[in-house]
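In: Structure for the following, please:
(chains A and B, ligands or ions: 1)
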Amino acid sequence: MKRPQTLFDKVWQAHEITRDETGQSLLWVDRHFVHEGSFHAFAKLAERDLKVAHPEQTWGIADHYVPTRSRSLDDVSDKIASVIRLLQDNTKKHDIELIGLDSVHQGIVHVVGPELGLTQPGLLMVCGDSHTATHGALGAIAFGIGASEVAHVLATQTIWQTKPKQLRITFEGDLPLGVTAKDMALHWISQYGADAARGCAIEYAGKAVRDLSVEGRMTLCNLSIEAGGRIGMIAPDKKTIDFCSSRERSPKDEALVHAQTYWNELKTDVGAAFDREIVIDASQIAPTVTWGVSPEEALPIDAHCPDPKEIDEPNKARQIKDSLAYMGLSDGQAIEDITIDRVFIGSCTNSRIEDLRSAAEVLKGRKSLVPGIVSPGSTQIKTQAENEGLDQIFIDAGLDWVESGCSMCVGMNGDLVASGERCASTSNRNFKGRQGPGSRTHLMSPAMVSWAAVHGKLADIRTFKREGEN
Amino acid sequence: MEPFTPFTAPACALDLANIDTDQLIPARFMKEPRSVGYDNFLLYDLRFDENGELKADFPLNEDLNQSCKTILARRNFGAGSSREAAVYCLVDYGVRCVIAPSFGDIFSSNSVNNGLLPAIVSESDCDLLFDAMEGEIKNLSVDLEQQSISIGELSVSFDIRPVWKKKLVNGWDDIDLTMQEEKEISNFQQAYFSRFDWLFNSEDRK
Ligand code: SF4
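Out: Alright, predicted model coming up:
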């Protein structure tokens, strides 16, 4: 009898070209995305006078630096314009398709890949960006790589990797009302730590995961790296296959039939072994926000910040003290008492149409007490949202409706949170200075960001649902 | 890449966990070409105040002539983004080894690809090393072949994946290695293309 395999084993095996005596595997790469930041890798190629081995399996996408207030490079600083131009020049030189500023498909790489149908179950995908795990929501092995590795993939269409350990996280039961994929991720990371999945490929399983939409699954996989895991996967099911069958770049006709047959086989066999298993009761998850400077520093919205005086372990107490000081919070402060200066709705974590709908639902007919921006994950999503009238809800609430890009998630394009300002954000990193020097970030779901905007402070989304009911 | 050889050189202890890549190099500096010297950006917002002056209380700022080759830190060093620029900062500064109980995965492989050793020590050995450093800049020895670190009388061992050790010791570059597998790759490709024929149809590209 064949040894039972995990989903990850199957996809890994299909891509393994050879293994060396140290146990490293040389893997075939199906899809490779490059962005503006990949200029270091192209410089390495140029140094050695190497060509791109498979330009037809490589796509350039402009997202990290693109302006969101305009679509013209004339409106941005010379330095920003030059990194975007470098991507244009490098893709042109190597005959790589560019989804650039003026493309109707432009957007954040991890939103665009699935949306266009470039992301498919069973593929091996890489990108010089740590949130590449997002694509794993469709059953692909997808992971972020550094510039040296990007150069290697460009030159050879392969990558050396040591097979990671495997971790299965099973979310049993049903999510309570108002609790989303974002809360699932922040919850489990806060329980197990920001390095809990270090060295691991994660498979997310269980009823609460199956019940998520494809978009929600992308949010969950997206945050794998915030627990230290490079890879997060979910086995394809009917929802996935429907999603992947109807995209512009999906296989067509007979090819689609072949593909679907294969996609249907991609699941973890009964009895397959994982190095580690975590089981979480989804019904116990509350709407969750981060209070500190690491994604593990997260708590239910109705909790209080920790008090370092009550922590026995000195290192831990010092860390908490440092985080509270950076965030400008007092020991044991109620999270619902934290006032905000700004909101951001966007990023590869939470900027898909479903996210915008849930944020708009909360803001409809209400005003935001603070300024903020809403940046859709892709230009297609922007158009769709405008067709649904969501843009007007955000604008009427007082927020800025802008073009698609990474925007305030990382601030590379100049969309920054000012020093000392506090931002309720749908993005994925609350690191010190992530949204700008001295910025303070609280991560949460899109609906929670809207609800915080309405109150000018962090607020429990479950109270919105209750008001809606009566 | 230069092979990694044993050295004894000044080291600096940063008593912080979760020094993520956004702290190692804030995003705003990443537009710069490597030729400007990324050491200028290393830990920028921790090292410099709003006016661009060195902060007196940041330990690395005691390294007046930029001679530190080792950094000692707490768990989860280099977590976060895949930006290899975080490694360029360290390497351009002159750092050849970072010691911590754990590292971000992508940071570790980026390090090795740039000749920087991510040395994993146990939490208790990490405590011993911090004690031995006494919050000062001190000479520390690193021997990759022996997998050992020492300060004065204290000597502890560290972990590193065998393949990374091999790459560092030999100064190997992956692209050269892979080019030697050319035949394997082309055999694989043929079989792969026929098995996954739908991936390579004309619809795939405009
Ligand atoms: S939206 Fe943020 S996390 Fe996502 S790819 Fe862009 S910068 Fe990275």
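In: Relative to the ligand, which residue of chain B is the closest?
Out: Chain B approaches the ligand most closely through B:Ser81 (7.0 Å), counting by Cβ to the nearest ligand atom. Backbone N, C-alpha and C define where each C-beta goes, glycine included.
In: who in chain A is up against the ligand?
Out: By Cβ under 6 Å from any ligand atom, the part of chain A that sits against the ligand consists of A:63-64, A:108, A:110, A:129, A:131, A:347-348, A:406, A:409-410, A:427-428.
In: For the worst-scoring helix or strand of chain B on mean pLDDT, enumerate the helices and strands it packs against.
Out: For chain B, the helix or strand with the lowest mean confidence is helix B:174-179, at a mean of 87 (criterion: mean pLDDT, DSSP states H and E). Applying 3 or more Cβ pairs under 8 Å, 6 or more residues apart in numbering or on different chains; DSSP states H and E, one finds that helix B:174-179 makes contact with helix A:147-156, strand A:158-162.
In: Give me the most central residue, chain B.
Out: Most central in chain B under Cα atoms, centre = their mean is B:Ser111, positioned 3.5 Å from the mean C-alpha point.
In: Outside of the helix or strand where it lies itself, list whatever touches it.
Out: Per DSSP states H and E: B:Ser111 is located in helix B:105-113. Helix B:105-113 is contacted from outside by A:130, A:144-149, A:164, A:198-199, A:225, A:228-230, B:21, B:77-82, B:84, B:86-87, B:90, B:98, B:103, B:117-118, B:164, B:167-168, B:174, using Cβ atoms under 8 Å, 6 or more residues apart in numbering or on different chains.
In: coming back round to it: please spell out which residues along the least confident helix or strand of chain B are buried.
Out: B:174-175, B:177-178 (16 or more other Cβ atoms under 10 Å in any protein chain shown).
In: swap in stretch B:22-41?
Out: So for stretch B:22-41, counting by 16+ other Cβ under 10 Å, buried means B:22-28, B:30-32, B:38, B:41.
In: what's the burial count for B:Gly171?
Out: 12 (other Cβ atoms under 10 Å in any protein chain shown).
In: and A:Ser77, what does it touch?
Out: A:Ser77 touches A:Gly414, counting by Cβ under 8 Å, 6+ apart.
In: Quickly note the distance from it to A:Asp63.
Out: Look at A:Ser77 and A:Asp63: by Cβ to Cβ, to the nearest Å, they are 17 Å apart.
In: Please name every helix or strand in contact with the helix ranked longest in chain B.
Out: If you go by DSSP state H, chain B has its longest helix at helix B:182-195. Helix B:182-195 sits against strand A:16-19, strand A:24-28, with contacts defined as 3+ Cβ pairs under 8 Å, 6+ apart.
In: For these, please prepare a markdown table with the additional fields mean pLDDT and mean neighbour count.
Out: Compiled in a markdown table, the helices and strands packed on helix B:182-195 are given as follows (pLDDT from 0 to 100; neighbours: other Cβ atoms under 10 Å in any protein chain shown):
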| stretch | mean pLDDT | mean neighbour count |
| --- | --- | --- |
| strand A:16-19 | 96 | 16 |
| strand A:24-28 | 96 | 21 |
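In: after the helix holding B:Ser111 comes which helix or strand?
Out: strand B:117-120.
In: Does that following strand reach chain A?
Out: No. On the criterion Cβ under 8 Å from any Cβ of the partner chain, strand B:117-120 is out of touch with chain A, staying 10.5 Å away.
In: Off-centre distance for that strand?
Out: Here strand B:117-120 is found 8 Å from its chain centre; the criterion is Cα atoms, centre = their mean, to the nearest Å.
In: same thing with stretch A:44-54?
Out: 30 Å.
In: got the contact list for it?
Out: By Cβ under 8 Å, 6+ apart, the list of residues contacting stretch A:44-54 reads A:58, A:94-96, A:147-148, A:151, A:154-157, B:175.
In: can we see that at 7 Å?
Out: A:58, A:94, A:96, A:148, A:151, A:154-157 (Cβ atoms under 7 Å, 6 or more residues apart in numbering or on different chains).
In: Over to stretch A:361-373?
Out: A:340-344, A:393-394, A:397-400, A:402, A:407-408, A:415, A:447, A:450-451, A:453-456, A:464.
In: one more time with 6 Å
Out: With contacts defined as Cβ atoms under 6 Å, 6 or more residues apart in numbering or on different chains, stretch A:361-373 is touched by A:340-343, A:393, A:397-400, A:402, A:447, A:450-451, A:453-454, A:456, A:464.
In: just stretch A:414-424 next, same as before
Out: Against stretch A:414-424 from outside (Cβ under 6 Å, 6+ apart): A:68, A:340-344, A:407-408, A:435-442, A:449, A:452.
In: any idea which element B:Leu140 lies in?
Out: Assigned by DSSP H and E, B:Leu140 falls in strand B:138-143.
In: Run the chain-centre distance for the helix or strand in which B:Lys166 is found.
Out: B:Lys166 is part of helix B:162-170, with elements assigned from DSSP H and E. From the chain centre to the centre of helix B:162-170 is a distance of 14 Å (Cα atoms, centre = their mean).
In: between it and strand A:158-162, how many degrees?
Out: 110 degrees (axes from the mean of the first three to the mean of the last three Cα atoms, to 10 degrees).
In: Now tell me what touches helix B:162-170 from outside.
Out: By Cβ under 6 Å, 6+ apart, helix B:162-170 touches A:22, A:24, B:3-4, B:112, B:117.
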